[in-house]
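A.B. asks: coords please:
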Amino acid sequence: MQENTKMTALLRVISLVVISVVVIIIPPCGAALGRGKA
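C.D. replies: Below is the predicted model:
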């Protein structure tokens, strides 16, 4: 039970970090990358 809670907390932290990194990186680079892929 305790390990599961730790895992959930870890996943939340990781997803928060990923989201913030994406939000920071995508505006300048995402447009160019999106155009290149599309």
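
A.B. asks: what about the helices in this structure?
C.D. replies: Along the chain, counting by DSSP state H, helices occupy 2-25, 31-37.

A.B. asks: Now tell me which of those the model trusts least on average.
C.D. replies: Of all those, mean pLDDT reaches its minimum on helix 31-37 (a mean of 69).

A.B. asks: so how far is V22 from A31?
C.D. replies: Distance, A31 to V22, using C-beta to C-beta, to the nearest Å: 13 Å. The way it works is simple: take the backbone N, C-alpha and C, and place the C-beta from them, glycine included.

A.B. asks: how about the helices of the chain in a markdown table, adding mean neighbour count?
C.D. replies: Below are the helices of the chain laid out as a markdown table (neighbours: other C-beta atoms under 10 Å):
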| stretch | mean neighbour count |
| --- | --- |
| helix 2-25 | 10 |
| helix 31-37 | 9 |
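
A.B. asks: In the protein, which residue is most central in space?
C.D. replies: Ranked by distance to the mean C-alpha position of the chain (C-alpha atoms, centre = their mean), the top residue is V18 at 2.0 Å.

A.B. asks: measure it to A9 for me?
C.D. replies: Taken as C-beta to C-beta, the span from V18 to A9 is 15 Å.

A.B. asks: and what of I25?
C.D. replies: 25 Å.

A.B. asks: and if you look at S15?
C.D. replies: Applying C-beta to C-beta, the value for S15 to A9 is 11 Å.

A.B. asks: same thing with V21?
C.D. replies: Taking C-beta to C-beta, one finds V21 at 19 Å from A9.

A.B. asks: go on, P28?
C.D. replies: Computed with C-beta to C-beta, the distance linking P28 and A9 is 31 Å.

A.B. asks: With V22 instead?
C.D. replies: From V22 over to A9 (counting by C-beta to C-beta), the distance is 20 Å.

A.B. asks: Ok, R35 next?
C.D. replies: According to C-beta to C-beta, R35 stands 37 Å off from A9.

A.B. asks: How about L16?
C.D. replies: Going from L16 to A9 by C-beta to C-beta gives 11 Å.
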